[in-house]
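K.L.:
Any chance you can model this:
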Amino acid sequence: MLVLATAPARCGGSSSSINKSLGTVFPPFLPKEVERIVDPSARELAMRIQRVPISFSENTIMSSCVKPIQQNATEPVLVLLHGFDSSCLEWRYAYPFLEDAGFETWAVDILGWGFSDLKMLPSCGVAAKREHLYQLWRSHIQRPIVLVGPSLGAAVAIDFAVNHPETVTRLVLIDASVYAEGTGNLAKLPRLVAYAGVALLKSIPLRLYANLLAFNKISLGRSFDFVNIGRLHCLLPWWEDAAVNFMVSGGYDVRHQIKRVKQKTLILWGEKDRIVNTDLALRLQEDLPNSVLLQVPDCGHLPHLEKPEFVVESISNFISGSMVD
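P.N.:
Next up, the predicted model:
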């Protein structure tokens, strides 16, 4: 069922900033350019990023994430993924609202992106990303989760839910990029050409243009700050190697997995998305019969950044069962 809605009521609790008692300095493993970020929500969430040990491929990877301050055994665990070549900082606006709403929430960096220590450079293909997320769940969460995936993170979420259904109770897919045929011909590029292409991903002009497409409304000044936030992880020394590794691996092609999803699913979609065609929202709903589709009004490709209160209220209603479907 397609639900057309106006913005819901403000989430319960205040929209107070993240608990500053955790510290006032940035983790030492973040690039020093984090100091240039202006956005207070991004700065506060960056201060909360930790690295936790994950046994992976006969090694231990110190993997970056934002952990919940407190565990709440009576509520489901939320695990927030991010989009392509991004990081947990994507959740800088919604994360405080989720905490205010009482959810035990993890914002995790997908292997190969974000701020994990990858100096040993493991494989960063789809299977490795899936196994890394599973080992994080097995080592540190160990309870069924509600898995939230925006953009390409929706493909990560579908792949994980199909391969590890015992870990995922529900899915939330946001402006889902799930019908692409992986990285396509890019997987066949000579490595030298692949490195040249990957280098463009962290260029300021390209990321500025991407911001203009991704958001319904954004000022130029704010867009420059968003670029600094979005490309921060690209400044780590292993980023290019990890990005090329993912590209040549073939990337995510989950088209044939979608109909295998058994979990109840909430589909959120910005009605003014210029990145992924909004017609695909209806197609995804048809392919996921146990789903509800909710359009986010006056919003582009990243509702969790553009309309965080709407997204959190929708997730809360979906989990509590109060959403009409």
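K.L.:
Low-confidence ranges, this protein, go.
P.N.:
Low-confidence segments of the chain (pLDDT under 70): 1-24, 73-74, 323-325.
K.L.:
Strands of that one, residue ranges please.
P.N.:
2-3, 49-56, 59-66, 77-80, 104-108, 145-150, 168-174, 264-270, 291-296 (DSSP state E).
K.L.:
Present the ones you listed as a markdown table; the columns should include mean neighbour count and distance to residue 226.
P.N.:
Yep, even glycine has a C-beta here, placed from its N, CA and C like the rest. Shown next, in a markdown table, are these (neighbours: other Cβ atoms under 10 Å; distance: least, Cβ to Cβ, whole Å):
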| stretch | mean neighbour count | distance to residue 226 |
| --- | --- | --- |
| strand 2-3 | 13 | 29 |
| strand 49-56 | 17 | 18 |
| strand 59-66 | 19 | 18 |
| strand 77-80 | 24 | 18 |
| strand 104-108 | 25 | 17 |
| strand 145-150 | 27 | 15 |
| strand 168-174 | 24 | 17 |
| strand 264-270 | 24 | 16 |
| strand 291-296 | 21 | 18 |
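K.L.:
Tell me which of those strands sits nearest to residue 217.
P.N.:
strand 264-270 (11.7 Å; Cβ to Cβ).
K.L.:
what packs against that closest one?
P.N.:
With contacts taken as 3 or more Cβ pairs under 8 Å, 6 or more residues apart in numbering; DSSP states H and E, strand 264-270 sits against strand 168-174, helix 279-287, strand 291-296, helix 303-306, helix 308-320.
K.L.:
Please state the backbone phi and psi of the closest residue to residue 187 other than its chain neighbours?
P.N.:
Leaving aside its sequence neighbours, residue 187 sits nearest to residue 250 (Cβ to Cβ, 6 or more residues apart in numbering; 4.7 Å). Phi and psi for residue 250, reported as degrees, to the nearest 10, are phi 110, psi -20.
K.L.:
any idea how far residue 124 is from residue 250?
P.N.:
Separation of residue 250 from residue 124 (Cβ to Cβ, to the nearest Å) stands at 12 Å.
K.L.:
so how far is residue 210 from residue 124?
P.N.:
21 Å.
K.L.:
Residue 133 is in contact with residue 108, isn't it?
P.N.:
Yes: using Cβ atoms under 8 Å, residue 133 is in contact with residue 108, at 7.1 Å.
K.L.:
List the contacts of residue 176.
P.N.:
The contact partners of residue 176, taken as Cβ atoms under 8 Å, 6 or more residues apart in numbering, are 149-151, 154-155, 267, 269, 276, 280-281, 284.
K.L.:
make it 10 Å
P.N.:
By Cβ atoms under 10 Å, 6 or more residues apart in numbering, residue 176 lies in contact with 149-155, 157-158, 254, 258, 265, 267-269, 276, 280-281, 284, 288.
K.L.:
Any idea how many residues pack against the nearest residue to residue 225 once chain neighbours are set aside?
P.N.:
Ranked by Cβ to Cβ, 6+ apart and with sequence neighbours excluded, the top spatial neighbour of residue 225 is residue 38, at 4.8 Å. Here the number of neighbours of residue 38 (other Cβ atoms under 10 Å) works out to 13.
K.L.:
what does the one 3 residues further on give?
P.N.:
When neighbours are defined as other Cβ under 10 Å, residue 41 has 21 of them.
K.L.:
residues contacting the nearest residue to it once chain neighbours are set aside?
P.N.:
Leaving aside its sequence neighbours, residue 41 sits nearest to residue 92 (Cβ to Cβ, 6+ apart; 4.3 Å). Residues counted as contacts of residue 92 (Cβ under 10 Å, 6+ apart) are 18, 37, 39-46, 66, 107, 229, 304-305, 308.
K.L.:
filter those residues to the buried ones?
P.N.:
Listed as buried from the contacts of residue 92 are 18, 37, 39, 41-46, 66, 107, 229, 304-305, 308; burial here means 16 or more other Cβ atoms under 10 Å.
K.L.:
picking that back up, if you count what's nearby, which of residue 250 and residue 124 comes out ahead?
P.N.:
Set residue 250 next to residue 124 and count neighbours by other Cβ under 10 Å: residue 124 wins out with 22 against 16.
K.L.:
which residues does residue 36 contact?
P.N.:
Contacts of residue 36 by Cβ under 10 Å, 6+ apart are 225, 228-229, 232.
K.L.:
repeat that for 8 Å
P.N.:
residue 228.
K.L.:
same question, residue 124
P.N.:
111-112, 118, 242-243, 245-246, 249.
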